[in-house]
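Novice: Using only what follows, build the 3D model:
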Amino acid sequence: MTVLSGWRATLAVLAALIVLGLLVMAFFWLAALVSVIVAVAAFNVLLVPRIARRVRVPELLIVGCLLVILGGGGWLVGGPTAAAAGIVAWLLGVLGPRLVLRRFRRSLESAELRAQRGRPLIVDLERAPMGAARADDDSIVTFRRPQ
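Specialist: The predicted structure is shown next:
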């Protein structure tokens, strides 16, 4: 068993404190990134569709502006690394929920169509595109059968 004393013990304690400080700092920045991702995902799922309908602009324009804000804000706060973190937050907070919701919507619609065969088909235009010039990528036409 080796016993550290004197300057070697001081050096070992200093190295342990530096490693501990780096771990705490990494945990802090990871927690900050996760909280930004959750905030962006909540904004994307809950507020972007309402804002797009109210202001009559495509959702794609709003989330594109959000990408610029997150990337530019990250650049101003911490340079290229924080800009990359802002872009990752956008990818996980905007594209992730959109892909999951689109897949869920398609599977739900196909299951509904399979379950209600033989009845007349009614087209529901509640989320139809707003116009030829303002078509929204996420707007779909759902098909429902009468109850």
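
Novice: what's the helix or strand for Phe28?
Specialist: Per DSSP states H and E: Phe28 is located in helix 7-42.

Novice: Show the secondary-structure elements that the helix or strand following that helix is packed against.
Specialist: Remark: after helix 7-42, the chain's next helix or strand is helix 48-55, criterion DSSP H and E. Counting contacts by 3 or more C-beta pairs under 8 Å, 6 or more residues apart in numbering; DSSP states H and E, helix 48-55 packs against helix 59-78. From N, CA and C alone the C-beta is placed, and that goes for glycine too.

Novice: tell me, how many neighbours does Ala42 end up with?
Specialist: Ala42 has 12 neighbours, counted by other C-beta atoms under 10 Å.

Novice: And the pLDDT for it?
Specialist: Reading off the confidence values, Ala42 has pLDDT 92.

Novice: where in this structure is pLDDT low?
Specialist: Applying pLDDT under 70 to the chain flags residues 1, 118-147.

Novice: Many thanks, we can stop here.
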